[in-house]
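> Provided below are the primary sequence and the corresponding predicted coordinates.
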Amino acid sequence: MNKRKRKRHPANHFRLIHIFPVLFILSLGISAFFGIVSADKILAGKEAISMEETIMSLEKGAMKRWQNGDPWGWAEISAQEVTYIDPGITKHIEGLEEYKKYLQQFEEKINYQGSEFINPKIARHDKMAVLTYNYESTKTETDGSIIDQTLWNTTEVYCLLDGQWKIIHTHWSFTKQKLPQHTEVPILVEKSPKT
């Protein structure tokens, strides 16, 4: 018994010819979309790494100069509107010029050997980045024995200005800082006019 061959309807053949290119183009579009998403994620990751490396490089570079008696690295990476506070001052410093005057007293006066950044963390939001870390400075004898060791809390606020990361606020404090035995606070007293 002869088997009857089914003839493919021309309309079906026409549909297949047109569907395959559509499917092919659609698959290319999907691949391109996910490729762009992946590329964006990679670029964002690289940018984050680059930002962290840049800020830490600036911080470590200024600190290296500081520990060898050169305080001007801090001024170079600070913005014009920088504010600064540490345990040795009673009023925060405002502006780069005032900050430079403050730094001048430390020129060729600071010298220590050990420098360690402990657990640095950077939180970024748009063009702002907050760097926090503990810092341990260690002064040693020529034989390596420790003379003095100080542990600090540090907060640096960086801002991206004209394509460069600059410090706009610095806050240093001693870890486990103790309150002083006494404090002096000036009080303004108005004298009543004599009658």
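Thanks, I have it. Quick caveat, the model's predicted, so the values are computed rather than measured.
> thinking Ile110 is in contact with Pro71, fair?
Yes: between Ile110 and Pro71 a contact is recorded at 7.1 Å, counting by C-beta atoms under 8 Å. The way it works is simple: take the backbone N, C-alpha and C, and place the C-beta from them, glycine included.
> quick one, which of these two is more surrounded?
Neighbours were counted for Ile110 and for Pro71 using other C-beta atoms under 10 Å; Pro71 has more, 20 against 14.
> helices and strands of the protein: which one has the lowest mean pLDDT?
Lowest on mean pLDDT, DSSP states H and E among the helices and strands of the chain sits helix 10-66, with a mean of 65.
> Have a look at the protein and report its longest strand.
Longest strand of the chain, by residue count under DSSP state E: strand 146-161.
> For that strand, which strands pair with it and how are they oriented?
Paired strands of strand 146-161, with direction, are strand 128-140 (antiparallel), strand 164-174 (antiparallel) (DSSP bridges).
> Could you report the separation of Gln104 from Pro71?
8 Å (C-beta to C-beta, to the nearest Å).
> Quick one: residues in contact with stretch 82-97.
75, 78-81, 99, 102, 166-174, 177 (C-beta atoms under 8 Å, 6 or more residues apart in numbering).
> Going through those residues, which ones are buried?
By neighbour count, with 16 or more other C-beta atoms under 10 Å, the contacts of stretch 82-97 hold Ala75, Ser78, Ala79, Tyr99, Tyr102, Lys166, Ile167, Ile168, His169, Thr170, Trp172 as buried.
> Nearest residue to the second one in space, ignoring adjacent ones along the chain?
Leaving aside its sequence neighbours, Ser78 sits nearest to Ile167 (C-beta to C-beta, 6 or more residues apart in numbering; 4.5 Å).
> Over to the first one?
Leaving aside its chain neighbours, Ala75 sits nearest to Lys100 (5.2 Å; criterion: C-beta to C-beta, 6+ apart).
> is it fair to say that neighbour lies in a helix?
Yes: using DSSP: H, G, I helix; E, B strand; the rest coil, the assignment for Lys100 is a helix.
> Begin at 49, not 1, for the rest of this chat.
New numbering, starting at 49: the last item is Lys148.
> Could you measure from it over to Tyr183?
In terms of C-beta to C-beta, Lys148 sits 22 Å off from Tyr183.
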